[in-house]
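Asks: fold the following, please.
(2 chains)
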2 protein chains.
Amino acid sequence: MKTNFHTRRDFLKTTALAAASLPFIGTLAPFARAAEPGRKLGFALVGLGSLSTYQIAPALQKTEFCRLAGIVTGTPAKAEKWKAQYNIPDKNIYSYDTMEKMADNPDIDVVYVVTPNALHAEHTIKAAKAGKHVLCEKPMEVSSEKCQQMIDACKKAGRQLAIGYRLHFEPNNLECVRLAREKVFGDLKLIQADFGFRIGDPKQWRLNRALSGGGPLMDVGIYALQATRYITGEEPGLITAVETTTDRVKFKDVEESIAWQMKFPGGVIASCDSSYNFNGMNRYQAFADNGWFQLSSAYGYGGIEGKRSDGEPIKFPAMDQFAAEMDDFAQCILNNRPTKVSGEEGLRDVKIMMAIYEAARTGKTVSLV
Amino acid sequence: MKTNFHTRRDFLKTTALAAASLPFIGTLAPFARAAEPGRKLGFALVGLGSLSTYQIAPALQKTEFCRLAGIVTGTPAKAEKWKAQYNIPDKNIYSYDTMEKMADNPDIDVVYVVTPNALHAEHTIKAAKAGKHVLCEKPMEVSSEKCQQMIDACKKAGRQLAIGYRLHFEPNNLECVRLAREKVFGDLKLIQADFGFRIGDPKQWRLNRALSGGGPLMDVGIYALQATRYITGEEPGLITAVETTTDRVKFKDVEESIAWQMKFPGGVIASCDSSYNFNGMNRYQAFADNGWFQLSSAYGYGGIEGKRSDGEPIKFPAMDQFAAEMDDFAQCILNNRPTKVSGEEGLRDVKIMMAIYEAARTGKTVSLV
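Replies: Coordinates of the predicted model:
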């Protein structure tokens, strides 16, 4: 079976059509003109760590509907550097303590929250109160309660909230969604999904539960979880999990590795693994009645490709996922349409991750039905 | 890192050395001369289904220390066919009701039990009482109690009992054991292992719990379980599991698919999947501190090969695993040394599989510690 998506144009068109009937998965289209022709939405980045520095700020330069307008940082030296590099006016530079004052700044339309997980609610709520739309990195927060507060704050402010699920805009992942939805290989039966890496600096916030909310599950396992959800298009009903920690010094605060299994309402089982202590896991494979498809690697900023049991490759060209994610959100705002990667979607993952941790902790299957 | 096993001779030699200090894994060596030079042990096959017909009987023709001496079958037409094809004398042809009479037949040294799982104890015990050594196909039986009865019967008769774990004699699998034991990539962290296939004829005994004791776990999942045990060299302590059945007509009696996770004492997690309802799973991958190794396919009669994270292939030539397994057992008997694939080893897997089913049934982590 040959894929019909041989050009990017066709791909976008077909994806847009498919997405119209699928509330779950993100879409690259429509790239309709903005309400004010030529106007780009001003983005302020909150938290100038490596993701902002090496991915998001460069991606902003490639967007069609966005521009880097401001920054929020607690480090004056970073402010100076970014101000010079991106020509950011002083009035658009904030600290975490002053960011409420954005309310008076029409240059900034969207706040992109790129701080540690457990600060997402605080920064999202401040931005919403300042009347800004919010794009927030994954995981949305470290508890369902804080996610709900973020949703409520944005709703109250009449602003949109999106979560940085960049793979909803990545063509190889979208192709796998198509293969599943169109039942190209029949009904799905089982999905394996794993993502992990050996983490470096033992002092980083990701290993500090107060800031991260958890270990590899929260950081990269979430991609495997997401994959099982966008491939099945369903929410898991039953969850089991096993954690392990072999290095109790480095991983004194969060799990080192975790494996979990989920059963979906349609009968699909998902087997998932995540780790902070070894490299090599970056894959999913979906088995169906008459064949399978997989991506390996599946979740990176580039290098995503896959195979199908019929020998066809899955290999759409790499694109800037952050640029696509931000352009889509800008279009949602400009055209007043809901984002496919909503706060509600972020909350669903956090609820499931909390259930995974509960299953690992209690040794009991957790039911989410 | 380059493997040292570039010739079969070297491989066998090194494996024999390694195996000497490893009670768990089987060995191809020593190929010492038999006690009676030139004497081949007479094997009687019990159950003339497709495994006996297409694998074991042809393999016997390739062995050095074994010969097909007799058969036990309930189907007279099969007896006639085999008698003609393999020149088996009438006195060496038995039915299930007459097999005790083997006691008087010096042509038969070893009984190879190839009947449905739930008949293994009956046929093993009859053979032991007739004074024969027993090689029994996996899974050993459908309950730990019946496995223990088999062990006891063979011990009482002073005869050896081995289980048909052919991969303990397969060089690519043995190479993975070496990579693990010698910590070529450091300490193991996580293993993924899966094996499944879409089963055909809905009326076959494998789908009848009374004869099979269970579904894909008992039949092919056992290979994934075995792999995690011979790779780690440890016994699992904690087990969680999830079952699913989407076709309740075909799989009314046994599970359709099952996924399970195990935690080993050293901290390794294993994520395993097995199914009777789709093709494509035949793999394991072991992740360690500094790299990984995998086989895909991992468990077949041929076509086994793998990769390592350093780019080295794992690709020893295919060999007849059944011939190696039978020759090893013959050598154990002739030299009065214990087999590496003992009844106790078979019992361990059955105990673990019962725990996997219990975990799936109860929704609770089962501890085997």
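Asks: contacts only, for the residue lying closest to A:E256 once chain neighbours are set aside.
Replies: In space, and not counting its chain neighbours, A:E256 is closest to A:T245: 4.1 Å by C-beta to C-beta, 6 or more residues apart in numbering or on different chains. Every C-beta, even on glycine, is put in place using the N, C-alpha and C of the backbone. Taking C-beta atoms under 8 Å, 6 or more residues apart in numbering or on different chains, we find A:T245 in contact with A:251, A:255-257, B:267.
Asks: what do you get for A:Q149?
Replies: A:Q149 makes contact with A:121, A:125 under the criterion C-beta under 8 Å, 6+ apart.
Asks: can you rerun that using 6 Å?
Replies: By C-beta atoms under 6 Å, 6 or more residues apart in numbering or on different chains, A:Q149 lies in contact with A:A121.
Asks: buried set for the host helix or strand of it?
Replies: Here A:Q149 is covered by helix A:144-157, with elements defined by DSSP states H and E. The neighbour-count check on helix A:144-157 (16 or more other C-beta atoms under 10 Å in any protein chain shown) flags A:144, A:146-151, A:153-154, A:157 as buried.
Asks: what is the least confident helix or strand in chain A?
Replies: Scoring the helices and strands of chain A by mean pLDDT, DSSP states H and E places helix A:8-20 at the bottom, with a mean of 37.
Asks: following it, which helix or strand comes up?
Replies: strand A:41-46.
Asks: for that next one, what does the pLDDT average out to?
Replies: Strand A:41-46 shows a mean pLDDT of 98.
Asks: residues in contact with stretch A:302-318?
Replies: By C-beta under 6 Å, 6+ apart, the residues outside stretch A:302-318 that reach it are A:1, A:171-172, A:175, A:291-295, A:297.
Asks: filter these down to the ones in strands?
Replies: Mapping the contacts of stretch A:302-318 onto strands (DSSP state E) picks out A:291-295.
Asks: now, which of the residues you listed lie close to chain B?
Replies: A:W292 (C-beta under 6 Å from any C-beta of the partner chain).
Asks: return the residues of chain A in contact with chain B.
Replies: Contact residues, chain A versus chain B (C-beta under 6 Å from any C-beta): A:189-190, A:240, A:242, A:244, A:246, A:257, A:259, A:261, A:263, A:267, A:269, A:271, A:273, A:277-278, A:280, A:287, A:292, A:363-365.
Asks: sitting in strands, which of those do you find?
Replies: A:189-190, A:240, A:242, A:244, A:257, A:259, A:261, A:263, A:269, A:271, A:273, A:287, A:292.
Asks: can you list the buried residues in stretch A:136-146?
Replies: A:136-144, A:146.
Asks: ok, so of the residues you listed, who is nearest B:V46?
Replies: Within the buried residues of stretch A:136-146, the smallest distance to B:V46 is 57.1 Å, found for A:P139 (C-beta to C-beta).
Asks: pretty sure the closest one is in contact with A:D219, am I right?
Replies: No - the criterion here is C-beta atoms under 6 Å, and A:P139 misses it with A:D219 at 7.6 Å.
Asks: check which element follows the helix holding A:Q149 along the chain.
Replies: strand A:161-163.
Asks: and that following strand, what does it pack against?
Replies: On a contact count with 3 or more C-beta pairs under 6 Å, 6 or more residues apart in numbering or on different chains; DSSP states H and E, strand A:161-163 meets strand A:133-136.
Asks: re the thing from before, mind putting the ones in strands among the contacts of stretch A:302-318 into TSV with distance to A:L41?
Replies: Compiled in TSV, the ones in strands among the contacts of stretch A:302-318 are given as follows (distance: C-beta to C-beta, whole Å):
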residue	distance to A:L41
A:G291	43
A:W292	41
A:F293	36
A:Q294	36
A:L295	31
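Asks: which members of the ones in strands among the contacts of stretch A:302-318 are classed as buried?
Replies: Going by neighbour count (16+ other C-beta under 10 Å), the ones in strands among the contacts of stretch A:302-318 have A:291-295 buried.
Asks: what is the nearest of those residues to chain B?
Replies: Nearest to chain B, judged by C-beta to the nearest C-beta, of those is A:W292 at 4.4 Å.
Asks: wait, what's in contact with that closest one?
Replies: Contacts of A:W292 were listed using C-beta under 6 Å, 6+ apart, and they are A:285, A:309, B:280.
Asks: could you redo the last one with a cut-off of 7 Å?
Replies: A:185, A:285-286, A:309, B:280 (C-beta atoms under 7 Å, 6 or more residues apart in numbering or on different chains).
Asks: do me a favour and get the end-to-end distance for stretch A:86-100?
Replies: End-to-end span of stretch A:86-100 (C-alpha to C-alpha, to the nearest Å): 22 Å.
Asks: can you list the buried residues in that stretch?
Replies: Buried, per 16+ other C-beta under 10 Å, within stretch A:86-100: A:86, A:88, A:92-94, A:96, A:99.
Asks: could you check how far A:V184 is from B:D327?
Replies: Between A:V184 and B:D327 the distance is 46 Å, computed by C-beta to C-beta, to the nearest Å.
Asks: looking at those two, which has the bigger crowd around it?
Replies: Neighbour count, other C-beta atoms under 10 Å in any protein chain shown: between A:V184 and B:D327, B:D327 has more, with 23 against 18.
Asks: that's a strand at the more buried one, yeah?
Replies: No - B:D327: not assigned to a strand; according to DSSP: H, G, I helix; E, B strand; the rest coil it is helix.
Asks: so which strand or helix has A:F195?
Replies: strand A:188-196.
Asks: check which element follows that strand along the chain.
Replies: helix A:209-212.
Asks: residues contacting that following helix, please?
Replies: A:116-118, A:205-206, A:218-219, A:253-254.
Asks: now the residue lying closest to A:G221 once chain neighbours are set aside: how far from A:C332?
Replies: Nearest residue to A:G221, sequence neighbours excluded (C-beta to C-beta, 6+ apart): A:S274, at 3.1 Å. When distance is defined by C-beta to C-beta, A:S274 is 30 Å away from A:C332.
Asks: list the residues that contact A:W82.
Replies: A:W82 makes contacts with A:48, A:71, A:88, as judged by C-beta under 7 Å, 6+ apart.
Asks: check the gap between the first one and A:Q85 for me.
Replies: It refers to A:L48. A:L48 is 11 Å from A:Q85, by C-beta to C-beta.
Asks: those two: which is more packed in?
Replies: More crowded of A:L48 and A:Q85, by other C-beta under 10 Å: A:L48, with 21 against 11.
Asks: who touches the more buried one in this structure?
Replies: Contact analysis of A:L48 by C-beta under 7 Å, 6+ apart lists A:71, A:73, A:78, A:82.
Asks: assumed the third one was part of a helix.
Replies: The one in question is A:K78. Yes - using three-state DSSP, the assignment for A:K78 is a helix.
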